[in-house]
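Undergrad: Generate a structure from the sequence data that follows.
(one chain, ligands or ions: 1)
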Amino acid sequence: MAAEVVNGTHVKLNDGNLMPLLGLGTWQAAHESVTEAVRRALEAGYRHIDTAYSYMNEEAVGEGIRRWGGDRQEVFVTTKLPLIAMGGGRVEKFLRKSLKKLELEYVDLFYAAHESVTEAVRRALETGYRHIDTAYSYLNEEAVGEGIRRWGGDRREVFVTTKLPLIAMGGGRVEKFLRKSLKKLELEYVDLFLLHCPFGLLYRDDDTLHPLDADGNLVVDYATDHVALWKEMEAVRDLGLAKSIGVSNFGTAQLRRLFAIAKIPPAVNQLEMHAEFQQPDMVEYSRQTGLVLTSYATLGSPGRKGTPFGVGIVIPSLLDHPVVRVISELTNKTSTRISSNVGIVIPSLLDHPVVRVISELTNKTPAQVLLRYFVQQGIVVIPKSVTPARITENAQVFGWQLPASAMDALRTLDRGEEARSFMLLRTRGFELHAECPVTITTSNS
Ligand SMILES: NC(=O)c1ccc[n+]([C@@H]2O[C@H](COP(=O)([O-])OP(=O)(O)OC[C@H]3O[C@@H](n4cnc5c(N)ncnc54)[C@H](OP(=O)(O)O)[C@@H]3O)[C@@H](O)[C@H]2O)c1
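TA: Down below sits the predicted model:
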C-alpha cells in the first residue's frame with residue numbers, strides 16, 4: 001500500500017507521524033558550512049534536516065537550528081545509530097549522545113542504518129547463499145554477524161570473507177585487526193581474509209580509516225612491505241583465525257612477488273571485473289597459478305554515489321541533463337549546476353543492448369546473464385543487494401549454461417583499462433607508491 005501524501009508536502013509514516021517530503025541532507029558537509037546551510041534551509045522553508053552520528057556534524061546541525069531561531073516543533077530532525085553501536089545494548093546511550101550534540105530533547109526519526117545489511121544477510125542465507133563478503137572498512141561487520149545469527153543455521157556452512165583495512169598494512173597490525181573483525185562479527189574464524197589493497201594509508205588510530213592531510217588528501221603510507229605483510233597473513237592462518245588468505249585489488253606484478261616468497265600462496269584475488277572490464281591478463285595468470293578470482297562490481301556497481309575520496313565514483317550530472325534543462329527553461333525554474341568532481345562513468349551493464357538481447361534470448365534477467373558469464377568461467381561473483389527479490393534473482397545462476405555464442409558476444413564487450421570504474425587505485429598520491437598496480441592515466445582531482 002502506498003504511503004499517504006498529506007498537503008502535497010508531507011508523507012504519513014506508519015506510526016501516524018508526518019514527515020516532510022523535502023529534507024536537507026548533510027552527509028560530507030564540514031562544520032561551519034552545515035550550520036549555515038541548516039539555518040538558510042530553515043529560512044527558505046525547509047522543515048526537515050537529515051543527519052547521523054557518523055556524519056560527525058550533529059553539533060553543527062543543532063547550532064544551525066538554534067541560529068534560525070524558530071520553533072523546534074516545526075522542524076523534523078532525523079539522525080542515525082552508528083554501526084559501532086549495534087551490539088552490547090548501546091542504542092539508548094548513542095541516541096543520548098546524538099541528542100546532546102544536537103542539543104535537542106528528541107529527534108523525530110531515528111534510523112538503524114545497519115538493519116538493511118542484517119536483513120539482507122539473513123535473507124540471502126535463507127535463499128541459499130553460503131558466501132558473505134564484508135571488510136573492516138565497510139563498518140558493517142557487526143551487522144553481518146547479526147544477520148548470520150538471525151538466520152540461525154550452522155556457521156560452518158557459511159563462507160565469510162573479510163579484509164584488512166588500509167591503515168593496518170604496517171607496524172605488525174594484521175593479527176590485531178583480524179581479531180577486531182572477528183570480535184565485531186562474533187565469529188571464531190573467517191573463511192577468507194584478504195589484504196584489501198596493495199598499499200596502505202597512514203595509521204593514526206584504529207578508527208581513522210581515511211587519514212587526511214591539511215589539504216583534504218588521503219595520506220598514503222609509502223612504506224608498505226608486501227613480503228612482511230604476507231608473513232603476518234600466514235601467521236594468522238597458522239593460528240586458525242582465517243582458513244584461507246588472499247589479496248584484493250592486486251596486479252600480476254605484486255602477485256608474482258608474493259608467489260615467489262610465500263609459504264602459503266595467496267588463494268584469491270578479489271578485483272573489479274565486469275563485462276566491460278574483463279582483465280584477460282589476470283584471468284590468464286590465475287589459470288597458470290591456480291589463483292581463484294573474485295569479481296566485484298559484476299553488475300557495474302550501479303548503486304554508487306559520490307564519496308569524499310573518489311573511491312570509485314561519479315556524481316551524475318543530472319542537473320546538466322538536456323531534458324532537465326529544457327524543462328527548466330519551459331517552467332522558468334532553476335537547475336543548479338554541478339561545477340566539479342564529475343569523475344568516472346559507472347558502466348550501465350544492466351541496460352547494455354548486448355546483455356539485453358542475450359537476456360531475452362535465454363529468458364534470464366540481465367543481472368543473471370552478467371553473473372553467469374563469470375560463474376561459467378569459474379570466477380566467483382559477490383553481487384550486493386539489499387532487495388529481497390534481487391537477492392533471489394541473483395542466486396539463480398546455476399543449473400543452466402549461456403550458449404557459446406553468448407559467451408563470445410559478452411567477451412567482445414571488454415573495453416580494457418579505460419572501463420575501470422573503481423578509482424581507489426587512482427587516488428591522488430597512490431601513483432607514487434611502489435606498489436601501485438595501475439598506470440595512472442587520469443586524475444580524480
Ligand atoms: N575489494 C574491494 O575493494 C571491493 C570494492 C567494491 C566492492 N567489493 C565487494 O563486492 C560487492 C559487490 O560490489 P558492488 O556492490 O560494488 O557492485 P554490484 O554487486 O555490481 O552492484 C550492486 C548494486 O546493484 C544493485 N543490484 C543488485 N542486484 C540487482 C539486480 N538483480 N538488478 C538490478 N540491480 C541490482 C544493488 O541494489 P540494491 O542493493 O538496492 O538491490 C546495488 O546497488 C560489494 O558489496 C563488496 O562486498 C569489494
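Undergrad: Pick out the residue of the stretch 301-445 of the chain closest to the ligand.
TA: Gly303 (2.3 Å; Cβ to the nearest ligand atom). Backbone N, C-alpha and C define where each C-beta goes, glycine included.
Undergrad: Do I have it right that that residue meets Lys384?
TA: Yes. Between Gly303 and Lys384 there is a contact under Cβ atoms under 8 Å: 7.4 Å.
Undergrad: Looking at the two, which one has more neighbours?
TA: Set side by side, Gly303 and Lys384 show more neighbours around Lys384, with 17 against 10, by other Cβ atoms under 10 Å.
Undergrad: Return the distance of the most centrally placed residue in the chain relative to Val117.
TA: A centroid search over the chain (Cα atoms, centre = their mean) returns Tyr138, at 6.4 Å, as the residue closest to the centre. Tyr138 is 9 Å from Val117, where distance means Cβ to Cβ, to the nearest Å.
Undergrad: and if you look at His210?
TA: Counting by Cβ to Cβ, the gap from His210 to Val117 is 20 Å.
Undergrad: more crowded one of the two?
TA: Taking neighbours as other Cβ under 10 Å, His210 and Val117 compare with Val117 leading, 24 against 15.
Undergrad: host element of that one?
TA: Assigned by DSSP states H and E, Val117 belongs to helix 115-127.
Undergrad: What's the local residue count around Lys176?
TA: Around Lys176 there are 12 residues (other Cβ under 10 Å).
Undergrad: you'd agree it is up against Ala168?
TA: Yes. Using Cβ under 8 Å, Lys176 is in contact with Ala168, at 7.4 Å.
Undergrad: Up against the ligand, what does the stretch 251-400 of the chain have?
TA: 270, 296-303, 350, 367, 382-387, 390, 393-394 (Cβ under 6 Å from any ligand atom).
Undergrad: Return the subset of those lying in helices.
TA: Counting by DSSP state H, those place Ala367, Arg390, Glu393, Asn394 in helices.
Undergrad: Between which two of those is the distance greatest?
TA: Spatial extent of these (Cβ to Cβ) is set by the pair Ala367 and Arg390 at 7.2 Å.
Undergrad: ok, those two, which is more surrounded?
TA: The residue with more neighbours, out of Ala367 and Arg390, is Ala367; 22 against 16, by other Cβ under 10 Å.
Undergrad: who's in contact with that one?
TA: Leu299, Leu350, Pro383, Arg390, Glu393, Asn394 (Cβ atoms under 8 Å, 6 or more residues apart in numbering).
Undergrad: Helices of the stretch 1-150 of the chain, start to end?
TA: For the stretch 1-150 of the chain, the helices defined by DSSP state H, counting those that start in this stretch occupy 31-44, 58-68, 91-102, 115-127, 141-151.
Undergrad: Can you name every helix or strand that the longest one contacts?
TA: Applying 3 or more Cβ pairs under 8 Å, 6 or more residues apart in numbering; DSSP states H and E, one finds that helix 31-44 contacts strand 24-25, strand 48-50, helix 58-68.
Undergrad: what separates that helix from the chain centre, distance-wise?
TA: Distance, stretch centre to chain centre, for helix 31-44: 28 Å (Cα atoms, centre = their mean, to the nearest Å).
Undergrad: What are the contacting residues of that helix?
TA: 24, 26, 29, 49, 57, 59-61, 63-65, 67-68, 70, 75.
Undergrad: can you tell me the average pLDDT over that helix?
TA: Here helix 31-44 scores 84 as its mean pLDDT.
Undergrad: try stretch 129-146
TA: Per-residue scores along stretch 129-146 average to 89.
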